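Asks: fold the following.
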Amino acid sequence: MHVAYSYYNVSTTGRLQEGMSDMLLKAKELQFGEEVGCDVFNALDVMENQPVLDALNFKIGDGLLHYYLFNWRMKDVTPPDIGIVLV
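Replies: Just a heads-up that it's a prediction; the model follows:
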């Protein structure tokens, strides 16, 4: 499965919807220079871009991400106790 992520977008020309639409098309066409295309395109609802996501028919996910850590010893933790920064 190929996934594209869009975290933060800024448009100084007021054409954010057009730019996001272009990104969706590119993600579908190419992935790392190969003709495979993305199966999923994730975007964050930040910086007041909800109207753009609505216009492009994005659906709200459940917000649950599952990460599997191997060879780590730690006490039992709950999801609010964990923070991960994606770089």
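Asks: in the protein, mark out all the helices, start to finish.
Replies: Along the chain, the stretches classed as helices by DSSP state H are 16-29, 50-55.
Asks: and of those helices, who's closest to F41?
Replies: Across the helices of the chain, the minimum distance to F41, taken as C-beta to C-beta, is reached by helix 16-29, at 5.3 Å. All C-beta spots, glycine's among them, are computed from the backbone N, C-alpha and C.
Asks: what lines up beside the least confident helix or strand in the chain by mean pLDDT in the sheet?
Replies: With mean pLDDT, DSSP states H and E as the measure, the helix or strand of the chain carrying the lowest mean pLDDT is strand 3-6 (a mean of 84). Taking DSSP bridges as the criterion, strand 3-6 forms sheet pairs with strand 40-43 (parallel).
Asks: which parts of the least confident helix or strand of the chain are buried?
Replies: Neighbour-count burial for strand 3-6, with 16 or more other C-beta atoms under 10 Å as criterion, is recorded at 4, 6.
Asks: what of stretch 16-35?
Replies: With the criterion 16+ other C-beta under 10 Å, stretch 16-35 contains buried residues 16-17, 20, 23-24, 27, 31.
Asks: and if you look at stretch 38-51?
Replies: Neighbour-count burial for stretch 38-51, with 16+ other C-beta under 10 Å as criterion, is recorded at 38, 41, 43, 49.
Asks: tabulate the residues you listed in JSON lines, adding columns for distance to A4 and pLDDT.
Replies: Putting the buried residues of stretch 38-51 into JSON lines (distance: C-beta to C-beta, whole Å; pLDDT from 0 to 100) gives the following:
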{"residue": "C38", "distance to A4": "4", "pLDDT": "82"}
{"residue": "F41", "distance to A4": "5", "pLDDT": "88"}
{"residue": "A43", "distance to A4": "9", "pLDDT": "87"}
{"residue": "N49", "distance to A4": "16", "pLDDT": "82"}
